[in-house]
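Student: structure for this input, please:
(chains A, B and C)
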Amino acid sequence: MTPLLRVHDVAKAFGGNQVLHGVEFDIAPGEIVGLLGPNGSGKSTLLNTITGFEAIDRGRIEFEGRRIDQVPAHRIVAAGVGRTFQLPSMPRRMSVMEVAMAAATSHHGVWGTLLGSAGSRQAEAAAHAKATALLEQLLLTRVRDLPASALSGGQKKLLGIVCALMGDPRLLMLDEPTAGVHPNLRRDIVAALQRLNAKGMTLVIVEHDMHFIREVCTRCIVLDRGRIVASCRPDELASNEHVVQAYLGSVEPKAVEEAA
Amino acid sequence: MSAVFDFAVSTVTIAGIYALMALGLNLQAGYAGLLNFGHIAFAGLGAYAAGIGFGLGWAPLPSLALGVGLAMLLGAFMAGLGRKLASDYWGIATLAIAEILRTIATNEGWLTGGANGISAIPALFDGLPRPWNAVAFLALVLGVLAAAAWLCARLGNGRFGRALRLMREEPQLATCLGYNLRTLKTRAIMASAAVTALGGFLYAHYMSFAGPEYMLASETFLLWTMVMIGGLGNTLGVLVGVVTVQAAHVLVPFAKDWIGFGSDVAGALRLGLIGAILLACLLWRSEGLVPEKLRKIP
Amino acid sequence: MLQFLVDTVLRASDLALIALGLSMLYGLVKFPNVAHVQYAMFGAYVTYALQSSGFPLVGALLAGSVAAGLLTLGLQVLVFQRLLRGGPAIAMIGSLAVAMLVIAIMQGLAGSFPRMFNLPRVEPLVIGGARIAWTQLYLMGTTIVLLALFMLVLFHTRLGRAMRALSSNPMLANASGLNAERITYCVSFASGAIAGLGGSMLALSTGAHINLGNDLLLPVFAAAILGGLGNPIGAVFGALLIALTETAVTNLNFGPLLGRELAFMPVGYISAGSFLILLLALLFKPYGLFDRDVRRV
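Tutor: So this is what the prediction gives:
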């Protein structure tokens, strides 16, 4: 089966700082992959390069067999890759429902809107229905008329997921979807993500929360200082010495001997 | 009584034309958050198209098409500049473009009549007896304004407006929802250019004149003041802003006659009043007199 | 040829001080202040008022620049600090309003007729075929001296180091104990005073008039942007470049290019020439000619 996403030898530096060193992995359709690593390991940068928010210095990224590493971000989204942000910032002068409807990008023709053409009205109605359904699924119906910036952090993350889902992505990349979120809400997010995966959506989730990883993910990729140090199942993580070293810092065996 | 009537008709006509140009600016500045400080160039192109078309013997509509077309081309060019420039730099660049166009208009007499401009542009309803010609023109202006206001409100509340407003407030979010920000900005600027050129065209016919002073930077600033005072981003706010500024403009000559100060002071008072109102709005009601309300979706 | 150089340097000194002040302050407040050129106009009027009521010229000049500095500081504290909370765009539009107010007040007080300084008539200096008026020479000299002083402060004093740190990374600078507010106030006063001095000295040649600021707006901004906003030394080079363009545009004989004996650019295109340079520069170097920063646009 062709991989849904193929990341080949991707390198990225900022100024003199090499953040990604030849990262390489595949994601198969239907997986839920957790992307882990200590702070500064390059997880967000990797996410940004795949979704087109950063350019890569070297390598190739392919989605469904087509190269996306030189493609502008908005076209990658249109191609079927959705993403959320770690700290979503939401507009102040738009309601939650408006933001969700704004996420329906098909057919934003000026003339259609002006002349009230049938096609335009149908598209509006369809967007309205879809937004309403998604808001309901992610428990935001109650706040649909509030200004989007007035939501709590957790609710903004949910809204971010709604927006990403409006585009019907085949690959959804989430940046710390449960960080700082109330445990009840967290349960709902987990349930929503599992439902989506059951319907065929592939998920890549950047996360720190080990419980979440074990509950949800089918596979984990661990990054440390810009390199992949492990690719295994969640239950294998604790026993993988590279993973432990990455998180706790490596201790030279010799130094331990000398100290003893 | 006739003098008062003429004055009233004239004031409302000019206010209407300014309102049209301010609505155009609102599309860029209010909906899309673009800091265009060369906006008046679009009006200037519309005005000069009226004059040049008349000189070539064209009927009004083809001249209008020329003006609108040129303005939209300029808009596309300005949008293209924005690809590389941060927004405050872009604002200054657009100011520079307007100044370049004004300089060309002042110097290229063969095309634009130079500093003296193009005169004797017909008033569009010359066939009618007074006062009906002025009234008919006023009716035209108000009709066009009403149509433009309705269209802008429709655009603003629809899909395009939503995209623009999202881009204005959270450009990163807009990009990751699949919007091509470049295209959105270009469309907003071109739409704005078209509406504003129409205003300039009408102004030239009303004054029977088109000259380089139409494109002074101070005119752009005046339009910005109208849009900011009334409230960026909503149509009603723009109209309120236009009325406020026009009222200040008109009241000062009356005060001058009544209190009896010199014309220098009168000019200073006009400018100062507008500046003071704008500053007060920015300090205490930065949303403008008619803040942009949250749009309720049923 | 010498006249060409002299004209260039003279024009550059008209612009350099004001552009430098603008750029310096932008580095700290991060918004383009359209009212800045009006501080120059204000300084010119204060100098004129004092000199024409009997003060010695040098004293009047100093007083004019101090007055402009105080005006700038006052506006920064009372108006722009508040406006900046709404973002740089609001602050920029606010500066527009402030500019209108300053012009209106000066016009109301002083009228729109230019006020010429009552100076002893002295024959212009002639060096090797080039003519320079004494007032222009003073402006040039003062500009060079002030520039040297400024570079000294910027690169060899604690204040200058603090300014540079604050300009490139405000948060880090704050965290390392620099008092951002106080430094911004110092810089506001200084940039206003320099602008006031520049405007006053310019007015010695042209008279104090209401449009002194407006006429300078675009060339000064062009100079500051070419040098990169926030890079005061760059602004001076920008001023030189703008002056060079303006002088070249009017003095170069394009005749040979067009197959005629004499063909000059119309005088009206002087300013258009510099704006064109500005636009071209922005197209290829959006952050100024001297931009070296790694920046994610």
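Student: which residue does the stretch 151-260 of chain A have closest to chain C?
Tutor: Residue of the stretch 151-260 of chain A nearest chain C, by CB to the nearest CB: A:Asp175 (17.6 Å). Backbone N, C-alpha and C define where each C-beta goes, glycine included.
Student: if you tally nearby residues, what's the number for the residue nearest to that residue when sequence neighbours are not counted?
Tutor: Counting by CB to CB, 6 or more residues apart in numbering or on different chains, A:Asp175 lies nearest to A:Gln86, which is 4.2 Å off, once chain neighbours are set aside. Applying other CB atoms under 10 Å in any protein chain shown, we find 16 residues neighbouring A:Gln86.
Student: check what pLDDT A:Gln86 gets.
Tutor: Here, the pLDDT recorded for A:Gln86 equals 86.
Student: same check on A:Ser117?
Tutor: pLDDT, read off for A:Ser117, is 69.
Student: coming back round to it: what secondary structure does the residue nearest to A:Asp175 sit in?
Tutor: Classification of A:Gln86 by DSSP: H, G, I helix; E, B strand; the rest coil places it in coil.
Student: enumerate the residues of the stretch 1-150 of chain A near chain B.
Tutor: Counting by CB under 8 Å from any CB of the partner chain, the residues of the stretch 1-150 of chain A close to chain B are A:51, A:53, A:72-75, A:77-78, A:82-83, A:85, A:88-95, A:97-99, A:101-105, A:107-110, A:113-114, A:120, A:123-124, A:127-128, A:145, A:147.
Student: the residues you listed in strands, which ones?
Tutor: In strands, defined here by DSSP state E, the members of those are A:82-83.
Student: any of the residues of the stretch 1-150 of chain A next to chain B buried? List them.
Tutor: Listed as buried from these are A:51, A:53, A:73-74, A:77-78, A:82-83, A:85, A:88, A:90-91, A:93-95, A:97-99, A:101-105, A:108-110, A:113-114, A:120, A:123-124, A:127-128, A:147; burial here means 16 or more other CB atoms under 10 Å in any protein chain shown.
Student: re the thing from before, which ones among the residues of the stretch 1-150 of chain A next to chain B lie within helices?
Tutor: The helices, defined by DSSP state H, take in A:73-75, A:77-78, A:97-99, A:101-102, A:110, A:113-114, A:120, A:123-124, A:127-128 from these.
Student: which helices and strands sit right next to the helix or strand where C:Ala281 lies?
Tutor: Using DSSP states H and E, C:Ala281 maps to helix C:270-284. Identification of packing neighbours for helix C:270-284 by 3 or more CB pairs under 8 Å, 6 or more residues apart in numbering or on different chains; DSSP states H and E yields helix B:60-81, helix B:87-107, helix C:212-227, helix C:232-251.
Student: which helices and strands sit right next to the third one?
Tutor: Right, helix C:212-227. So helix C:212-227, by 3+ CB pairs under 8 Å, 6+ apart, packs with helix B:87-107, helix C:2-29, helix C:36-52, helix C:88-110, helix C:180-206, helix C:232-251, helix C:270-284.
Student: where does chain A come near chain C, residue by residue?
Tutor: Near chain C, when you scan chain A using CB under 8 Å from any CB, you find A:14-15.
Student: need phi/psi at the residue of chain A found nearest chain C.
Tutor: When scored by CB to the nearest CB, chain A has A:Gly15 as its residue closest to chain C, at 4.9 Å. When read as degrees, to the nearest 10, the backbone of A:Gly15 gives phi 60, psi -120.
Student: give me the buried positions along the helix holding C:Ala281.
Tutor: Those buried within helix C:270-284 under the rule 16+ other CB under 10 Å are C:270-279, C:281-282.
Student: same question, stretch A:136-148
Tutor: Within stretch A:136-148, the residues that qualify as buried are A:137-138, A:140, A:143-144, A:147-148, counting by 16+ other CB under 10 Å.
Student: stretch B:182-200 too?
Tutor: B:184-200.
Student: and if you look at stretch C:44-54?
Tutor: By 16+ other CB under 10 Å, the buried positions in stretch C:44-54 come out as C:44-51.
Student: can you check stretch B:213-232 too?
Tutor: Residues of stretch B:213-232 classed as buried under the neighbour-count rule (16+ other CB under 10 Å) are B:214-217, B:219-232.
Student: now, those residues that are in helices?
Tutor: Secondary-structure check on the buried residues of stretch B:213-232 using DSSP H: residues within helices are B:217, B:219-230.
Student: those residues also near chain C: which ones?
Tutor: Within the set of those, contact with chain C (CB under 8 Å from any CB) is found for B:217, B:221, B:224-225, B:228.
Student: can you tell me the SS state at B:Val135?
Tutor: B:Val135 ends up helix, using three-state DSSP.
Student: what's the burial count for it?
Tutor: 15.
Student: that one reaches B:Val9, doesn't it?
Tutor: Yes. Between B:Val135 and B:Val9 a contact is recorded at 6.4 Å, counting by CB atoms under 8 Å.
Student: what ranges does chain B have for its strands?
Tutor: Here chain B has its strands, by DSSP E, at B:118-119, B:209-210.
Student: by contact count, what packs against the last one?
Tutor: I take that to be strand B:209-210. For strand B:209-210, the elements it packs on are helix B:40-55, strand B:118-119, judged by 3+ CB pairs under 8 Å, 6+ apart.
Student: around chain B, which positions in the stretch 151-297 of chain C sit nearby?
Tutor: Counting by CB under 8 Å from any CB, the stretch 151-297 of chain C comes close to chain B at C:217-218, C:221-222, C:225, C:229, C:266, C:268-269, C:271-272, C:275-276, C:278-279, C:282-283, C:286-287, C:297.
Student: swap in 7 Å and give it another go.
Tutor: C:218, C:221, C:225, C:266, C:268-269, C:271-272, C:275-276, C:278-279, C:282-283, C:286 (CB under 7 Å from any CB of the partner chain).
Student: so which of those residues is the closest to chain A?
Tutor: C:Pro286 (17.3 Å).
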